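1. got a predicted structure here, sequence first:
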Amino acid sequence: MIAALLVAFAVYVLAGQQIVDRLRSLVASAQMPTLDGKVVAAIALLVAAGIAVMPSRSSIPTPPPVPPAAFTLRGKFVGPTAASDAATMSALCDELASCIEWDGTHDQRLKTGIAFDELRIAAREVRCKGDSIGARQPKVRDAVQKFMEDAVGLSGGPVTAESRAAWVSALRDLSRAAADVTR
């Protein structure tokens with residue numbers, strides 16, 4: 001898309017008939033033409049378009065993304081509070097994802113992985129009034145811990161736009177997986 005826009009802009013800069021006239025004069029004079037600013041800009045845009053179209057060659061292969069439906073919590077919520085715990089976890093994870101995503105587009109008060117985890121702990125304590133779903137649902141706790149380590153890692157340091165997006169995506173995947181248990 002960008003390459004097409006660059007090419008179109010280059011053609012616009014050079015304008016149709018002027019291109020033909022210059023080519024005729026170049027062939028007739030067989031001298032190196034003087035390049036004015038428009039021609040240099042057009043050539044630069046054409047080169048940029050060519051580079052944009054070239055396939056990128058990364059020396060580090062990127063693993064294929066794991067589809068969200070691949071992570072499941074089915075069979076992990078057990079006991080009399082299983083449905084309630086799954087619904088609470090789904091709502092909590094979705095809200096945390098929304099908060100972290102919103103924060104990324106505003107003041108960015110949440111700047112570290114530790115801040116994200118502290119928000120999660122505070123939200124759980126307030127929402128669950130001190131109860132721990134993980135204590136009641138150890139299979140869920142262990143699966144979520146492994147999933148989050150794989151999805152966002154263990155770093156509590158500063159977050160980038162990419163790591164923030166990974167947290168949002170992981171929390172939404174957890175929300176979906178917990179909601180699937182209640183259906």
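-> Great, that's in hand.
2. which parts of the host helix or strand of E149 are buried?
-> Using DSSP states H and E, E149 sits in helix 138-152. Using 16 or more other CB atoms under 10 Å as the test for burial, helix 138-152 gives V140, A143, V144, F147, M148, A151, V152. For the C-beta atoms, the positions are set from N, CA and C on the backbone; glycine is no exception.
3. so what are the domain limits for this structure?
-> 2-53, 69-181 (automatic domain parsing).
4. which of those has the lowest average pLDDT?
-> For those, the weakest mean pLDDT is recorded on domain 2-53, namely a mean of 69.
5. list the contacts of F71.
-> F147, D173, L174, A177 (CB atoms under 8 Å, 6 or more residues apart in numbering).
6. tell me where this structure has helices.
-> Remark: helices assigned in the chain by DSSP state H are 2-14, 16-29, 37-53, 82-104, 113-127, 133-136, 138-152, 161-181.
7. which elements pack onto the longest one?
-> Judged by 3 or more CB pairs under 8 Å, 6 or more residues apart in numbering; DSSP states H and E, the packing partners of helix 82-104 are helix 113-127, helix 133-136, helix 161-181.
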